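Chemist: sequence below, structure please.
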Amino acid sequence: MRYRVRTINPPSELALDTVGGSETLADTTRSEVQFDNCMIKQDIVDAVVNRTGLSTTKAEIAVEAVLETMKRSMERGERIELRGFGVFSIRPRKTGIGRNPKTGEEVRIPPGKAIRFKPGKNLQSISVRRSPSQPSQVRR
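Modeler: Below you'll find the predicted structure:
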């Protein structure tokens, strides 16, 4: 059974929308679970099923194959370019200096690698649109 979690008042409770009705989770704060605007892998599989007419099993295999191929490519340090969507790349991360929160002692953070995503033009145009009720932000 799949749950969609949404927050309700008071903030210490959450409602789980299920196929058969609604349940309440007590002792959970609002910040612990927030899935209102979250897409999971199963949502992608469902979209593939609805769009192509494939069986759920075949759609799951196809989605998993795409994600696994992307993961292996990034492990090899390759750049992934999806025209109209964006580019995934691996960038080196500099050595840094952090602090131990308990003692305040400086700690050396070793260099590493980070996955970066740069959205393509089509994706950027979606994220830049504002609703009429949302005020524009002006930098001063």
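
Chemist: quick one, domains of this structure?
Modeler: Taking automatic domain parsing as the reference, the chain has its domains at 1-38, 40-76, 79-128.

Chemist: could you pull out the strands for this protein?
Modeler: In the chain, the strands defined using DSSP state E lie at 4-7, 14-18, 21-25, 80-82, 86-93, 96-99, 106-109, 112-119.

Chemist: follow-up on the earlier one: which of the domains of the chain has the lowest mean pLDDT?
Modeler: Ranked by mean pLDDT, those bottom out at domain 1-38, which scores a mean of 48.

Chemist: what does the longest helix along the chain contact?
Modeler: As assigned by DSSP state H, the longest helix anywhere in the chain is helix 56-75. Taking contacts as C-beta atoms under 8 Å, 6 or more residues apart in numbering, the residues outside helix 56-75 that touch it are K41, I44, V45, D46, V48, V49, T52, L54, I80, F88, I90, I115. (Glycine included, C-beta is placed from N, CA and C.)

Chemist: got the CA positions of that helix in PDB?
Modeler: Backbone C-alpha positions of helix 56-75 (Å, rounded to 0.1, in the frame of the first residue of the first chain) are rendered in PDB as follows:
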ATOM      1  CA  THR A  56       4.400  -2.300 -14.600                       C
ATOM      2  CA  THR A  57       7.100  -5.000 -14.400                       C
ATOM      3  CA  LYS A  58       8.700  -3.900 -17.700                       C
ATOM      4  CA  ALA A  59       8.400  -0.200 -16.800                       C
ATOM      5  CA  GLU A  60      10.200  -0.900 -13.500                       C
ATOM      6  CA  ILE A  61      12.900  -2.700 -15.300                       C
ATOM      7  CA  ALA A  62      13.300   0.100 -17.800                       C
ATOM      8  CA  VAL A  63      13.400   2.900 -15.200                       C
ATOM      9  CA  GLU A  64      15.900   0.900 -13.100                       C
ATOM     10  CA  ALA A  65      18.100   0.300 -16.100                       C
ATOM     11  CA  VAL A  66      18.200   4.000 -16.900                       C
ATOM     12  CA  LEU A  67      19.000   5.000 -13.400                       C
ATOM     13  CA  GLU A  68      21.600   2.200 -13.000                       C
ATOM     14  CA  THR A  69      23.300   3.200 -16.300                       C
ATOM     15  CA  MET A  70      23.500   6.900 -15.100                       C
ATOM     16  CA  LYS A  71      24.900   5.800 -11.800                       C
ATOM     17  CA  ARG A  72      27.600   3.600 -13.400                       C
ATOM     18  CA  SER A  73      28.500   6.400 -15.800                       C
ATOM     19  CA  MET A  74      28.900   8.900 -12.900                       C
ATOM     20  CA  GLU A  75      31.100   6.400 -11.000                       C
END
